[in-house]
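Peer 1: Let's see this in three dimensions:
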Amino acid sequence: PWERTCFQDLQKSTNVVYQAHHVSRSKRGQVVGTRGGFRGCTVWLTGLSGAGKTTVGFALEEYLVSHAIPGYSLDGDNIRHGLNKNLGFTSEDREENIRRIAEVAKLFADAGLVCITSFISPFTKDRAEARRIHEKAGLPFFEVFVNAPLDVCESRDVKGLYKKARAGQIKGFTGIDSQYECPEAPELILKTGELTVNECILQLVDLLKEQSIVPSGVLEEINELFMPENRLKLAQTDASTLPSISITKLDLQWVQVLAEGWASPLKGFMREREYLQVIHFNTLLDGGTINLSIPIVLPVAMEVKESLQGSVAVALEYQGTRVAILRNPEFYEHRKEERCAHQWGTTCPKHPYIKIVLESGDWLVGGELEVLERIRWNDGLDQYRLTPRELKERFKEMKADAVFAFQLRNPVHNGHALLMTDTRRRLEERGYRRPVLLLHPLGGWTKDDDVPLDWRMKQHAAVLEDGILDPQSTIVAIFPSPMMYAGPTEVQWHCRARMVAGSNFYIVGRDPAGMPHPESGQDLYDPSHGGKVLSMAPGLTSVEIIPFRVAAYNKTKKAMDFYDKDRHADFEFISGTKMRKLARSGESPPDGFMAPKAWKVLTEYYTSLQKDQ
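Peer 2: Numbering: from 1, shown residues only. You can find the predicted model right below:
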């Protein structure tokens, strides 16, 4: 073609001098992404058409970006729509195609990105030239052979190219009448005819981890702190001889949170460095920007601190049983007023959790935890206390392609159910085929006037039994964290913990983790700020925030409905106070407000309270 001929005839410039950047790669690495450090490199995926290069390339890009590592995938077909649209498939054009891509990939890598290229690149000399271009620039280059047998590639032939090549309609098609030269010594071979996409990604991340491109903490997303079985007896013997700290039920709930990996990558109660990062920045900064908005600390009294000063390890004891070992303890001052001001935005001593903090020890002790056995409460609900690892396994068994989480500490009414079913509908409209709901009530400490966990679990079961939520695509599990009533600060913790467990969508409600001010009775936090803060919070890159749509009782429909301000007269807002008043008096709410069986559980609870009084 004329365009190609002109390109060949262009005179090459001879007076071009390469200009050095003023910004070093080290400096660029500090601001590209949120994990710090220069990670620029190229992952060169090569293989037959249909081997899975594009699928693997885009999946790796998604994985890296969701873990705050900047990456970009350059796909062969996409590039031929723009940069290389003037190239055909002659050997010369293919050589030029790969040369251009190698140069572009080098620039992306130099910018600090993990550049993933998905090109057939059938010729050894062209791939060697791509490697040379990177090596000359001092940039890592990883050749990955995406190796699928020809019959597998033909069976995946969604474009019908192999069929046309077999029929002679396409000439020079790689694998049919044009040779593919297999890599002789690639950094990795992916047998995509045998492996799933996820298994391929894990192998690629392993490679990048070995080469210090991916930080070691990224691959192991869930950091459980249980002692392995082969070391358990030795640890139990060790714990029996160590000096001990007597911990409260609240402390044990935090031990459970840490042990099960909800607060990964924490390895135990926070040391002072971690504590300061969290209360001042709502993040852990060592190893990148990791969202963690609430301090997870162990308060102790002055006399405990003095008696244990210099100990290399201490046992944590709950009700006479030694449950964990705290290694290399670090004691530091518990500046309570400062902590409360940062975490809650108030120091009001009537706030229920602030009251606990103010009455706790004047020192904090941090260190690495070794938890001897899984925490069990023996209250008939332990089967619902699934760890993040167990939840991920359940999602996998259900073949979930999307997981949306709903955090709650109150009974479920039909307004909540409307939001959850509407979220499912919207996900299905976006192309997800098996979205799974994680209905995840908070199971740790709550204030005295909240409905207790056992009654809430009965109520949730009744909602599912009445078919308000689909039991076939819903997992009900208990989140072990205590409730702190810290509003927008705490909601980040709620969201991130679900992200660790595999949720990629999080429904944020009105006034999440909020409560009335203990003195004024007004909202302690702006009800809309939780959702706004979540949408801006750093380090929540692998979860999408779904804002809460206000639901109210539609008197015309006799059902919960999304509120429309233009039809305000049609709606009635039934507050929690009114709901409790109706339940205490044995009255029923308007039809359609709550599933009948679920309401019956609630009235039984409030009736039992009156009998106790």
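Peer 1: Strands of the stretch 101-250 of the chain, start to end?
Peer 2: 114-118, 141-146, 188-190, 244-246 (DSSP state E, counting those that start in this stretch).
Peer 1: Put together JSON lines for these, with mean neighbour count and mean pLDDT on each row.
Peer 2: Yep, even glycine has a C-beta here, placed from its N, CA and C like the rest. Below are these laid out as JSON lines (neighbours: other CB atoms under 10 Å; pLDDT from 0 to 100):
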{"stretch": "strand 114-118", "mean neighbour count": "28", "mean pLDDT": "94"}
{"stretch": "strand 141-146", "mean neighbour count": "23", "mean pLDDT": "97"}
{"stretch": "strand 188-190", "mean neighbour count": "20", "mean pLDDT": "96"}
{"stretch": "strand 244-246", "mean neighbour count": "17", "mean pLDDT": "98"}
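Peer 1: got a markdown table for the ones you listed, with distance to Glu317 too?
Peer 2: Output for the strands of the stretch 101-250 of the chain, formatted as a markdown table (distance: least, CB to CB, whole Å):
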| stretch | distance to Glu317 |
| --- | --- |
| strand 114-118 | 47 |
| strand 141-146 | 50 |
| strand 188-190 | 48 |
| strand 244-246 | 4 |
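Peer 1: For Ser528, which of these is the nearest?
Peer 2: strand 114-118 (36.8 Å; CB to CB).
Peer 1: gap between the closest one and the chain center?
Peer 2: 23 Å (CA atoms, centre = their mean, to the nearest Å).
Peer 1: Residues in contact with it: which ones?
Peer 2: 39-45, 53-54, 56-57, 60-61, 64, 69-76, 101, 105, 108-109, 208, 213 (CB atoms under 8 Å, 6 or more residues apart in numbering).
Peer 1: what inclination does it have with respect to strand 141-146?
Peer 2: Orientation of strand 114-118 against strand 141-146 (axes from the mean of the first three to the mean of the last three CA atoms, to 10 degrees) gives an angle of 40 degrees.
Peer 1: Please pick the buried ones from the contacts of strand 114-118.
Peer 2: 39-45, 53-54, 56-57, 60-61, 64, 69-76, 101, 105, 108-109, 208, 213 (16 or more other CB atoms under 10 Å).
Peer 1: Give me the subset of those lying in strands.
Peer 2: 41-45, 71-75 (DSSP state E).
Peer 1: will you turn these into JSON lines that also has pLDDT and distance to Arg580?
Peer 2: Compiled in JSON lines, these are given as follows (pLDDT from 0 to 100; distance: CB to CB, whole Å):
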{"residue": "Cys41", "pLDDT": "96", "distance to Arg580": "59"}
{"residue": "Thr42", "pLDDT": "97", "distance to Arg580": "61"}
{"residue": "Val43", "pLDDT": "97", "distance to Arg580": "57"}
{"residue": "Trp44", "pLDDT": "96", "distance to Arg580": "63"}
{"residue": "Leu45", "pLDDT": "96", "distance to Arg580": "59"}
{"residue": "Gly71", "pLDDT": "90", "distance to Arg580": "50"}
{"residue": "Tyr72", "pLDDT": "90", "distance to Arg580": "53"}
{"residue": "Ser73", "pLDDT": "90", "distance to Arg580": "53"}
{"residue": "Leu74", "pLDDT": "90", "distance to Arg580": "59"}
{"residue": "Asp75", "pLDDT": "86", "distance to Arg580": "57"}
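Peer 1: in the protein, which helix or strand is least confident?
Peer 2: Least confident helix or strand of the chain, by mean pLDDT, DSSP states H and E, is helix 2-9 with a mean of 46.
Peer 1: give the contact list for Thr46.
Peer 2: 53, 119-122, 127, 143-146, 183, 186.
Peer 1: Ok, Trp377 next?
Peer 2: Going by CB under 8 Å, 6+ apart, the list of residues near Trp377 reads Arg385.
Peer 1: Just read off the phi/psi values of it.
Peer 2: Note on Trp377: backbone dihedrals following degrees, to the nearest 10 are phi -100, psi -10.
Peer 1: Thank you kindly, that will do.
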